[in-house]
Each structure stands twice: as structure tokens, then as C-alpha cells.
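Chemist: Provide a 3D model corresponding to the input given below.
(2 chains)
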Amino acid sequence: MKRASVAPRALGWFLTVGILILAWHLAYATQEIETAVKRHAHLHQNWTLDLANRFTRPGSSELASMATDQPVSEVDRPRSARYPLHAGPPLAEDRARITKLALESSPEFRELQLKSRRAMIGMRYAPLYAALQLSPDEIDMFEAIALEEQDLAGSTQGDNQTHGRPTTGGSKDRSHQAGLDELERARIELLGQERYQLLQHYDRTLPARNVVHRFAATLVANDVPLTRREADRLTEIMASTSPGLQGNADGEKIDWIAVLSHARGEFSAEQFERLEQFASSFHAAATTARMLTAISEGKEPTPVP
Amino acid sequence: MGTDGHDPINSVRSQVTGQPATYDHAAAGAEFLKEHPDFRRHLAADLRGRLQNRYEPLYRILHLSKAEADAFKAVQLARMFIVVTGPDGPLGFAVAPQLSQAEVDQQLMAVLGDERFRTYQDHERRHGVEFAAHQLVMGLTSTDDPLSFDQRSQIVDLLAESSVPFRNGGSASRSTIDWEEARTRAALVLTPPQQAAFERIASREEYVQVREAGMTARLPSPTGTDATSASIFPAGL
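Modeler: Predicted coordinates for the structure are as follows:
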């Protein structure tokens, strides 16, 4: 009698445990799939971003580096090598949320970020500092104005830093615009009209200068470095022959034929030969980046935009 | 994504989308390249350019002839594989027949010889910190203190040496550089204006290190336990 009642009870117990294990596995598997699909979507999104920016900033991978806030080598490395496979990289909104929380809660982190932002401004304007012979105090003031401008433009919400002076937008209200105007006046007062005009020219030609710096980096291994004067000259040539090169995503708009035509005779034979090679690979890279983006969007990868 | 064809994302994807798990993105990519020769041509030129940029300092260190450099590049091209996800699924692009890592190493050893192959391997261990030397080179262009090739090599070395995993025989990476140590070492190599440029990179990188450490601590784990209790900042911050 006793034995007969134990069997169904044990069966019931086993069934309950079995169902619980099955349910746990089901929940776990569903979560795994969701995580993987989310990660997959993120990879796709980031890949597109990487491609769109890869060859359009100061250096081949510096472009992606800056756009994705990753260093050159990190961009080139497989993401699976950078993040635990199970989790993938944090989603963009998660990154922004976490960074915002950290900035709100940690004065030390805020301080680090401020130093980093100032450093980025310095990297962008170092050649200008040298050309204008700014004193340390003037540099300090110049960077303080740029930081304030970034804050005013709301470009540092989360961690979405800009790396230089933000452009003004039509959607901003009047007080915001007044604030920006005031900072611009402070900049003019700091530099004086003549040096301020040089700053404006520097900003206009910055996309070209970034490409020139990338070219210059390729010359280091060959002991034919560009002098400061040569780098300035090539920047002028590129900016004047490629008016379409207005921003960091305009790599394909460089008129390399015109650039090479103007540059011939202005540089040493070896430098010029290297420039031809650079032009060829830069153009291929910019075109490939656009084509890959088109493919990811389901469009035909046409060689001419 | 390895060259062995294993694609964990694809297998999960197939469960969710119903697309066959046997979907071969490499074959799909090869077919796509066949149908788009212009794209293939640009992609090949792009990849060769990337290899040139990455390994040019090594060519000089190893004193490679042009023929040797071309042979080196041809082997490296056999491990370049790009995956792009389009609306119809992922496409894997390769412009050269793919080789396993062992095959690549074997062929590189044939091109370089034993000693230079070891130098190449050592160079690869430093690749993770080369970005900073590259940034420094670019940052000092258009100044009166450009970085020389020797200085560039010294910067790569000191950044690697400032990384514990490298000193322990592994690879140096962005996240493992001890920037305080790197600053001290760099001061012996750089002029004051160059040090100012180096300092900017260090400031930026220190922030990124702390932020990324915080991000990793906050990643959700597969068991669903959000590691929110983990501090976003290393001890001391």
C-alpha cells in the first residue's frame, strides 16, 4: 500500500522538476537569442557607421576611430576580441546612459573627461597654435572658450563629444544663439581680427589638412617627411582644388587629378611618387566605404556616386 | 568570424528568422563579387592600401625588398575577410583565397626566414599600441618638431613596454597601457613640444580606459544578472 503511493508521488516530483528545468532552459535560450540578435543588429549598425566614416577623417582608421570613439587598432580588431562573446558591445544608448550616469555621479570622471575634451581640442588646433604663436595663456583661454561652446551647443550630452567648434543650428533658441555669439566675440577679442581670420581659414581647410596629415604619416617610414611649409602648401592645394571637401565624410570629393597636377614640381620626386600612391589608395578606400554602405542598405554598389 | 566558416550569430539568426543555418555568407559574398567586378577592384585596392599602411614600418625594420614586401602582402591578403550585413543576409568578402592562421604563418616564414619571422611576430604583439604613435606622428605634422621614424619606433616600444601583458609575453593593447609609466619613458625620447602632443594623447586615452572599464563592468551577463553592482570606476576613482 505504502509502496503503491510512493511511485506516483515520485513520478509527480520528477515531472515537476523536469518541467521547471525545461522552463528555465526555455527562458535562458530565449534570452540568449534576444541578446545575440540585439548584438547582431548592433554589429550591423556599427559596421555601417565604421564604413561610412572609415576613410573620411584625418587618417584611414582615425576616421572610424573618432566616429566610433575607438582607437585605430581597436577599430581594426574584430569586435569579438574586444568584448566578451556572450554580451557583445554595449548598445549606443546604453553607452550614453552609462556615461551620463558616471559624469553625474563622479567628479573625478568629469575631470578626466574634461581633460580629454581639452586634449582633443588641442590635437585639432596644435598646428594653428604654432602658426599663430599663441602663448600658453592664450591657448588656455582659446580652449576654455571652445569647451564652453561645446557645452552650450549641447554636444557633450552623454559622451557625444564633438572634437572642435560646433556649428550653430537654426533650431536653437535665441538665448542659445546669443551665448554662442558672445563666445565668438570673446574669441575675436582673444585673437584680434587678423589672427581670427586665420582661425576661420584654418577651420575651413581643416578637412583637407586632416587628409594631408594622414599622407604625411605615410612618409615617416620613408624618411621623406613633409615640412610644416610643405604640409601647409599641400593643404592649400587640396582645399582650393576640391571645394567639395567640406567635411569629414567627403573623402570621395577630393579632385586628386587636380591636386596632383598642382602639386607636381612643388615636392620632391619621392614625395610626389608617394602622393600618387596615397591618392590611389585613398580614393579606393573612400569609394569602397561608400559601396559597402550601399550594400548594407540593399543598394547597388556603383563606382561613381 | 573565422575562416573556418563557424558563425554563431548566423546559427542563432537562423533560429529567429527561419533562414537556413547552412547559409554560406562566404559563398554569397563570392557570388556578389563575381557579379560586381568594379566593387571587387575597389575592395582589393582598399585592402592592399590598408596592408601597406599597417606594415610599412615593418618593411623598413625588416629591410624587405619590394618583391619580398609584395609577397608578404599577398600572404596577408589571404586572411582579410570582410562581412557586411545587407537586407538579405550577411555577405562575406575575400579578394584572395583564404588561408588558415597556420598556413599564413608557414608562408610568411617562407618569405621572411626564421629570424625576420620572429621579428614580425614581435611586431604583431605591439600592433595594439601603434595607433598612439600614429596619432603622434599626425599630431606633429605641420609643426616644427615632426616625429622621426626612429622616434616613432621608440614610442611604439615604450608604449608596449608600459603594458603588463606585453612584458609577460603577450600582446600590448590600448586598454593595458600604463600611461603614467609611458609618460616617464616618453620624456626621455621626445622634445618638449613633442611631449605636449604626447600628453594630449595620454589624457584622451586615460579617460577612454576608465570609461571602457566602466562599460565592461556594466555589460549584462548571459545569465541575466546585470552587473550593476560592479563599480563603473576602478578603485580610487
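
Chemist: nearest residue to A:Leu226 other than its sequence neighbours?
Modeler: What sits nearest to A:Leu226 in space, not counting adjacent residues and going by CB to CB, 6 or more residues apart in numbering or on different chains, is A:Ala216, at 4.6 Å. C-beta coordinates here come from the backbone N, C-alpha and C atoms, glycine included.

Chemist: now the one you found: which helix or strand?
Modeler: A:Ala216 is part of helix A:206-219 when elements are defined by DSSP states H and E.

Chemist: keeping just the C-alphas, turn the next helix or strand after that helix into PDB.
Modeler: As assigned by DSSP H and E, the chain's next helix or strand after helix A:206-219 is helix A:228-241. What follows is helix A:228-241, C-alpha atoms only, in PDB (Å, rounded to 0.1, in the frame of the first residue of the first chain):
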ATOM      1  CA  ARG A 228      55.500  72.400 -42.000                       C
ATOM      2  CA  ARG A 229      55.600  74.600 -45.000                       C
ATOM      3  CA  GLU A 230      55.000  71.700 -47.400                       C
ATOM      4  CA  ALA A 231      52.100  70.400 -45.300                       C
ATOM      5  CA  ASP A 232      50.500  73.900 -45.400                       C
ATOM      6  CA  ARG A 233      51.100  74.200 -49.100                       C
ATOM      7  CA  LEU A 234      49.500  70.800 -49.900                       C
ATOM      8  CA  THR A 235      46.600  71.700 -47.600                       C
ATOM      9  CA  GLU A 236      46.000  74.900 -49.600                       C
ATOM     10  CA  ILE A 237      46.200  73.000 -52.900                       C
ATOM     11  CA  MET A 238      43.700  70.400 -51.800                       C
ATOM     12  CA  ALA A 239      41.300  72.900 -50.300                       C
ATOM     13  CA  SER A 240      41.400  75.100 -53.400                       C
ATOM     14  CA  THR A 241      41.100  72.300 -55.900                       C
END
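
Chemist: my guess is A:Ala216 meets B:Thr141, correct?
Modeler: Yes - here A:Ala216 reaches B:Thr141: they are 4.0 Å apart, a contact under CB atoms under 8 Å.

Chemist: what touches both of these two?
Modeler: Residues touching both A:Ala216 and B:Thr141 (CB atoms under 8 Å, 6 or more residues apart in numbering or on different chains) are A:225-226, A:231.

Chemist: chain B: strands as residue ranges?
Modeler: Along chain B, counting by DSSP state E, strands occupy B:82-86, B:89-93.

Chemist: burial of A:Glu184, as a residue count?
Modeler: When counting by other CB atoms under 10 Å in any protein chain shown, one arrives at 15 neighbours for A:Glu184.

Chemist: report all helices and strands that the helix or strand that contains it contacts.
Modeler: Per DSSP H and E: A:Glu184 is located in helix A:174-204. Applying 3 or more CB pairs under 8 Å, 6 or more residues apart in numbering or on different chains; DSSP states H and E, we find helix A:174-204 packed against helix A:107-132, helix A:136-152.

Chemist: so which of the ones you listed comes closest to chain B?
Modeler: Counting by CB to the nearest CB, chain B lies closest to helix A:107-132 out of the helices and strands packed on helix A:174-204; the figure is 3.6 Å.

Chemist: so is that closest one next to chain B?
Modeler: Yes - Helix A:107-132 reaches chain B (CB under 8 Å from any CB of the partner chain) through A:108-109, A:112-113, A:115-116, A:118-120, A:122-123, A:126-127, A:130.

Chemist: got the contact list for A:Trp256?
Modeler: Neighbouring residues of A:Trp256 by CB under 8 Å, 6+ apart: A:279, A:282-283.

Chemist: in chain A, what residue is nearest chain B?
Modeler: Counting by CB to the nearest CB, chain A gets nearest chain B through A:Ser281, at 2.9 Å.

Chemist: all helices of chain B, in order?
Modeler: B:8-17, B:25-35, B:37-62, B:66-77, B:101-112, B:114-140, B:149-161, B:164-167, B:179-186, B:192-217 (DSSP state H).

Chemist: quick check: buried residues in the last one?
Modeler: Taking 16 or more other CB atoms under 10 Å in any protein chain shown as the basis for neighbour counts, the residues of helix B:192-217 that come out buried are B:194-217.

Chemist: intersect these with the contacts of chain A.
Modeler: The overlap between these and the neighbours of chain A (CB under 8 Å from any CB) comes to B:196-197, B:199-201, B:203-208, B:210-211, B:214-216.

Chemist: on that earlier part again, quick one: which of the residues of helix A:107-132 next to chain B is nearest to B:Leu51?
Modeler: Nearest to B:Leu51 among the residues of helix A:107-132 next to chain B, counting by CB to CB, is A:Met123 at 26.6 Å.

Chemist: measure how buried B:Thr191 is and give me the count.
Modeler: Neighbours of B:Thr191 (other CB under 10 Å): 13.

Chemist: report the contact partners of the residue lying closest to A:Pro301 once chain neighbours are set aside.
Modeler: The shortest distance from A:Pro301 to any non-neighbouring residue, by CB to CB, 6+ apart, is to A:Met291 (3.5 Å). Contact analysis of A:Met291 by CB under 8 Å, 6+ apart lists A:301-303, B:39, B:42-43.
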